[in-house]
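Participant: Fold the following and give me the result.
(chains A and B)
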Amino acid sequence: MLSPGSGNTVIKSKLISRRMFLLTAAKAVVMVGLVGRLISLQINQATKYKSLSDKNRFREWKLAPERGAIKDFFDTKIASSEPLYQLHLVPENAKDLDNLFVRLKAILNISDRKVSYLKRLIKKQKPWEPVIVSENLDWSDFSRINLFLHELEGVEPIVSVARTYPDNSSAHILGYVSQISAKDLQTKDYLKELAVPGMAIGKTGLERKLDEQIIGKVGYQRYEVNAFGKRIREIKIDEGQAGKSFKTTLDYEVQKYTNELLKDKAAAVCVMDVYNGDIVSLVSSPTFEPNEFVHGLDKAYWNSLIKNEKKPLANKALSGLYPPGSTIKTLVALSALENKIIRPLDTFRCKGKIELYGEKFHCWEKDGHGIVNLRKGIQRSCDVYFYEVARKLGVDRLSETAKRFGLGKKVLSDFIEERSGVVPNTKWKKKFIGQNWYLGETLHSGIGQGYFQSTPLQLCLMTAQIANGGFEIKPRIIVDGKNDDLRNYLKYKNENPNDPLPTDLLVSNFDLKPLFKNQEHINLIKDAMFSSSNEPGGTSYRHRLENPKYTFAGKTGSSQIKRFTEAQREAEVKQESLPYKDRDHALFVAFAPYKNPQYAISVLVEHGGSGGKTAAPIAKKVIKKVLERHELRRSANNQIGEAV
Amino acid sequence: MLQPRSIHSSLSFKDKLFSIDYILVFSIFILGLVSILAMYSTDGGEFKYHTNSHILRFFIFFGMFIFISFVQIRFWHSQSYLIYILFFMLLLGVKYFGLTSSGSKRWLDLYFMNLQPSELMKIGLILFLAKYYHRISIENINQLRFLFIPIVVLIAPLILVATQPDLGTALLIAAGGLTVAWLAGVRVKFFAFSGLAFLALLPIAISFLKPYQKSRILTFLNPERDPLGAGYQIIQSKIAIGSGGLFGKGFLQGSQSYLDYLPEKHTDFIFTLFSEEFGFFGSLFILFLYAVIVWRIVKIGNETRSSFGKLYCYSFATAFFIYVVVNMMMVLGLLPIVGSPLPIMSYGGSSMMAIMLGLGIAMSCKVYKDTPVN
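Facilitator: This is a model prediction of the structure:
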C-alpha cells in the first residue's frame, strides 16, 4: 500500500538520513569531549582530587599533651598535672534530655541557670558534639555518677588532666597557665603547630619561661568523618609526648613558711645561696590562687584581684621597683674604699643635717650621730656620713660599683615580668632626662634615694655577692647541671689556710670573677653590717639572733615615697601616723650565718615604715627557717654532685 | 521493495522473536544490572529501600519494554496524537493536583506510584512530531502555516514544565522536539531565527528564574564562588570522580558517597558514585553501553522503512543521547546543575518508565520495520 506521496517518501528518507548523519557526527564529537573530560579528571588530575577527597574524609583531633611538672629542690611537685574528673554529655546518645537533667540535678549540685545554658548550647551544636556538664568534679561526685551511670544514658564521665598547684605560696614565681589566646598564637612560634583548642599555656613566671619545653608534644587522633563532621571511625592515634619536668632551686617548705609570714602585707622576700646563686625562696605578697586560672577565671575573682591596691598579680620580687634606700650604703662605702676616697677610720661629724648651696640635707636622726666613722656610719645608718662620702665619691664611681654588684640589670633571664631598674649617673640623666647632674642628687643617691630603682631580687644578689667575699655569682632558679666553682674554691682555701692564692690565679684556676680590688674592703663592709645587726645602737639590733649558728649581718633601709615637709620634720611625725599610701617602703638585706655565710636575704614591705621595725623581724624568722633546713639542702646538693 | 504486504498474517511470533535486536536488549539489561549495583552502593552495601524499589521498577519496566516491542508500530503511529494529548492532560493535572516537593510541583499521586508526567512528555512530543512530519509532504514542511502546530505542541508543555518549575526537564523535552523538526527538514534559518529570538528573550526569561536557579547558573560559571552552598555539589562531584582515578576506589568503597559528601547520589549523581568506585575504566564501560544503545536505535532507524519510524528512532536516539550527555556533563562540571536523570541508571520510576516506553516503541519499529504505518 502506497502512502499518499510515495516518491515523496524516498526524498524524505534521504533528507532525514542526511541530517541524521550530521547529528551522528556531532554526537561523536561530544562523546570524544566527554572521554577527554574523564581523562582530565581521573587521570591527569587524579592525585589532586585524591588528596582533596582524603581531606574531606579525614579529620584530625589534636590531643593536648600532659604538661611537665615543676619540682622544688627536694623533688616535691609544686606544679603538676593531676587527673581531673569531668562529666560530658553527648545529646544524641541521650533518650530523654529533660529527664536526664532532672536526674543529674538530683545527683550533682547543678544550678538551674547552668541547666538552661546547657540546653541552649545543645540546640546550637551538632547532636554528636559533647557538652561539658561539669568541668571539675570532686572524687565523691565522680564516683556517685559512676554508680548511677547505667540509668544516665548519654552521660560520659571523663578523666582528663589539668594543671594543679598544691597551694598559692609560689604563685608568682611559678606563674599560671590559662587558655591559649589569639595573641599567643600570633606571637609564639612554638605554639603554631601544637595549638590544641582549649589547651592551657604558661602566661607568666616559670610556666611562661619554660613553656616551650614543658608543654610536650601534641598527639592526635585521626578520624574518618562524614559530610556533617560526625566521626565515623578512628583511623590512627598518636598519644604525643608529655612535657619535660623541671627541678627548681626553690624550697617549698620555705616558700610556704614565708608566704604565711607575709600574709596580707604587700611585701616580697628573696633568699639566695651566696655561693652558687640558687634562689631558695622568692615570695611576693599578697598572692593569688593559680588554680583559678586553669579553667577560665571567675569574673568576680578577677575583679577582686585587679582592684586590690596591694596588687596581688604583680611579682614584687622581680618586677617591683623601689629605691634601695639605706641598703645601698654598703656599696657606697665599698666604692669609696675601693676608690681610696676614704679610709675606714676617717670621721665626719653628724649634726642631724648638712647644708649644701642653701639646701638642707637631713639625717634620719634629728639630733645627729656625733663623730661617725665607716663602721658606725653603717651600723647607725648615718645619712650625714654618707652625704659626705657620696659627695667626695661622685655619682659615676658609685654607679660603676653598683652595676658591678648587679643593680640596674636583670638578674634572671627570660622572665618577661622582670625589670632592670635604674642605677643613675651623669650620662644616664643626660640621656634619659636631658638635664645635667646636680651635686644634690649625688647626696640623695648616696643614701639610695632619688633616681635609684632596684628590685628586691637585685638587692638580694648584691648582698649575696658581698657575703661570699666579693665574687660574682649567676643566680639560677632551674637546676641544670652543677654550679659550684665558688664552693670548690672555698674548700681549697679551707684546706690550705696558709697558702692564699693571688687573685689572678683565683680567676684562672676556679673560673671566678672577683668584684673587688682588695678583699679587705669587703670584709670591712661585712663587719659593719654585723655591728648594725648585733651591736647595741645598730639599726636592727632589736631583731638579732644570738645563737651563732643563726647570727646574721644586715642592713636596714627605707625608701621614701614622699619627702617630709619641714613642718612634719619639726613635729616629729611618725611613719605609723601617715596615711598607708604615704608611708615609706621598708627594706632589709642580710646574710647568715655571719661566720660562715651561706644565704643572703632581702625583704621588702611596701609602706612598712622603717626597715628595722617591719622588714628585719621577717628576715629574722626566714633566716632561721632557712638555716634550720641547711643540712638537708647540703645533702640534696651532694646528691646532684655539687661540692658542699 | 515497494510491494505491499499483508500486514497481519505475514509475521509469525517466531519471526517477531527473531527480529528483535538482541544486542540492544542485552545492553539495556547489562546497564540495568550495573544500575542495581550502583544503587546497592548508595544504600551503603545493603538491600534497602532504594535498591529494592529500583530492582522492582527495572524488571517491571524492562518487561513492559519487551511487551511494547511486540505491539504493532501502526498502533503507535495511529495513537501518537492521542498519547501526546493524554500526557499533556497529565501535565495539566500536575498543575492543579500535583504534589509539591522541595519547592516544585512535578508529581501526580497515582497511589501505587508518584508519576512525573514531564518525563513521559519527552516521548510524547517526539511521537506527535514524528507522526506530524510523516504526514505532511516535503514541500509543505517549510511553509509557515505548517510550522504553527509544531511550535504550539512544543511550547505548550514546555511552559507547563518550566513553571513547575523544572527547567532541566523542559529543556530536554524541547531538545527531543527540535530534533524531530530538524531531521524532518525544517530549514536551518528557522532554527537560527528561533535561536536569536531565544537570545532576545533570555533577559526576560532570567527575570522569571527562581533565585536558586540563578545561583545555579552563576555557580556553574564559578563553582568556587560559594563552595559550601550552591557550588558544593559540583565541587564534591568533581572530587569524587577525580579521586576515582584509573581503577576506582572499589565497589562500596566510594568515600565521597559513603560519607555523604555527594548530594543526590541516587538520582542525578549516580554516575559520580559509579565513577568514584570503578574509576576511568568503569566510566568508559558505561559510556560504551550508552553508545551501543544509541547506535542500535539509529541502526533500527536505518532499517525501518517508514518516515515515521525513521523520524522516531533517530529523534529518540538523539534525545536519549542528549539525556545521557547532559547528565554526565553536569556531574563532570561542564554544565550547570539542571536536574536531569541519567537514563536507566538513575533512581526514579517515571524516568525509567518513559525511557522503557521510548525503547519499546523503537524496538517495535524494528520488529515491524517493513510494515507501512498507513
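
Participant: And chain A, what are its domain boundaries?
Facilitator: Domains of chain A are assigned by automatic domain parsing as A:58-76+A:166-248, A:84-160, A:252-639.

Participant: so which of the ones you listed comes closest to chain B?
Facilitator: domain A:58-76+A:166-248 (4.1 Å; CB to the nearest CB). No exception for glycine: its C-beta is placed from N, CA and C like everyone else's.

Participant: and B:L120, what does it touch?
Facilitator: Counting by CB atoms under 8 Å, 6 or more residues apart in numbering or on different chains, B:L120 touches B:87, B:90, B:350, B:353-354, B:357.

Participant: Farthest pair within the residues you listed?
Facilitator: B:L90 and B:L357 (13.3 Å; CB to CB).

Participant: from what I can see B:H134 touches B:S315, true?
Facilitator: No: when contacts are counted by CB atoms under 8 Å, B:H134 is not listed as touching B:S315 (11.5 Å).

Participant: out of these two, which sits in the busier spot?
Facilitator: Ranked by neighbour count (other CB atoms under 10 Å in any protein chain shown), B:H134 and B:S315 place B:S315 first, with 32 against 23.

Participant: what about the closest residue to B:F61 other than its chain neighbours, neighbour count?
Facilitator: Leaving aside its sequence neighbours, B:F61 sits nearest to B:M356 (CB to CB, 6 or more residues apart in numbering or on different chains; 4.0 Å). By other CB under 10 Å, the residues close to B:M356 number 26.

Participant: same question, A:V35
Facilitator: 14.

Participant: list the contacts for it?
Facilitator: B:284, B:287.

Participant: if you set the cut-off to 10 Å instead, what comes out?
Facilitator: The neighbourhood of A:V35, defined by CB atoms under 10 Å, 6 or more residues apart in numbering or on different chains, consists of B:280, B:283-284, B:287.

Participant: now do A:K625
Facilitator: By CB under 10 Å, 6+ apart, the contact set of A:K625 is A:251, A:253-254, A:256-258, A:261, A:271, A:281, A:550.

Participant: if we go to 7 Å?
Facilitator: A:254, A:257 (CB atoms under 7 Å, 6 or more residues apart in numbering or on different chains).

Participant: looking at chain B, which helix or strand does the model trust least?
Facilitator: None of the helices or strands of chain B scores lower by mean pLDDT, DSSP states H and E than helix B:211-221, at a mean of 70.

Participant: give me the number of residues near the residue nearest to A:L506 when sequence neighbours are not counted?
Facilitator: Closest residue to A:L506 apart from its sequence neighbours, by CB to CB, 6+ apart: A:L512 at 5.1 Å. Counted with other CB under 10 Å, the neighbours of A:L512 add up to 21.

Participant: how about the closest residue to A:F58 other than its chain neighbours, what does it touch?
Facilitator: In space, A:F58 comes closest to A:R222 once its chain neighbours are excluded; the distance is 5.7 Å by CB to CB, 6+ apart. Taking CB under 7 Å, 6+ apart, we find A:R222 in contact with A:58, A:60, A:235-236.

Participant: looking at the domains of chain A, which is buried most?
Facilitator: Stretch with highest mean neighbour count among these: domain A:252-639 (a mean of 20; mean count of other CB atoms under 10 Å in any protein chain shown).

Participant: gap between the two ends of that one?
Facilitator: Counting by CA to CA, to the nearest Å, you get 18 Å between the two ends of domain A:252-639.

Participant: so how far is it from its chain's centroid?
Facilitator: Centroid separation for domain A:252-639 versus its chain: 21 Å, with CA atoms, centre = their mean, to the nearest Å.

Participant: average model confidence for that domain?
Facilitator: Domain A:252-639 shows a mean pLDDT of 90.

Participant: Kindly report the same for stretch A:87-99.
Facilitator: In this model, stretch A:87-99 carries a mean pLDDT of 84.

Participant: Then stretch B:155-164?
Facilitator: 89.

Participant: Over to A:L282: give its phi and psi.
Facilitator: phi -150, psi 100 (degrees, to the nearest 10).

Participant: ok, it touching A:C270?
Facilitator: Yes: taking contacts as CB atoms under 7 Å, A:L282 lies within contact range of A:C270: 5.3 Å.

Participant: Now list whatever residues contact both of these two.
Facilitator: Contact criterion CB under 7 Å, 6+ apart; residues shared by A:L282 and A:C270: A:A317.

Participant: coming back round to it: contacts only, for the residue nearest to B:F61.
Facilitator: Per CB under 7 Å, 6+ apart, neighbours of B:M356: B:61-62, B:64-65.

Participant: how about these, which pair is most distant?
Facilitator: Taking CB to CB, no two of the contacts of B:M356 sit farther apart than B:F62 and B:M64, at 7.2 Å.

Participant: how close does the closest residue to chain A within chain B sit to B:G248?
Facilitator: Nearest to chain A, among the residues of chain B, is B:G242, at 2.6 Å (CB to the nearest CB). B:G242 sits 12 Å away from B:G248, going by CB to CB, to the nearest Å.

Participant: who has more neighbours, those two?
Facilitator: B:G242 (28 against 22).

Participant: need the contact list for the closest residue to A:Q465 other than its chain neighbours.
Facilitator: Here the nearest residue to A:Q465 in space, its sequence neighbours aside, is A:F405; by CB to CB, 6+ apart that works out to 5.5 Å. Each residue near A:F405 by CB under 7 Å, 6+ apart is listed here: A:331, A:462, A:465, A:515.

Participant: For chain B, which residues are neighbours of chain A?
Facilitator: Chain B comes close to chain A at residues B:2, B:4, B:137-138, B:182-183, B:185, B:238-239, B:241-246, B:255-256, B:259-261, B:279-280, B:283, B:287, B:291, B:298, B:307, B:310-311, B:314, B:318, B:321, B:325, B:328, B:332, B:334, B:372, B:374, as judged by CB under 7 Å from any CB of the partner chain.

Participant: Would you mind listing which of these are buried?
Facilitator: Among the residues of chain B next to chain A, those classed as buried by 16 or more other CB atoms under 10 Å in any protein chain shown are B:138, B:182-183, B:185, B:238-239, B:241-245, B:255-256, B:259, B:261, B:279-280, B:283, B:287, B:291, B:298, B:307, B:310-311, B:314, B:318, B:321, B:325, B:328, B:332, B:372.

Participant: which ones among these are found in helices?
Facilitator: B:182-183, B:238-239, B:241-244, B:255-256, B:279-280, B:283, B:287, B:291, B:298, B:307, B:310-311, B:314, B:318, B:321, B:325, B:328 (DSSP state H).
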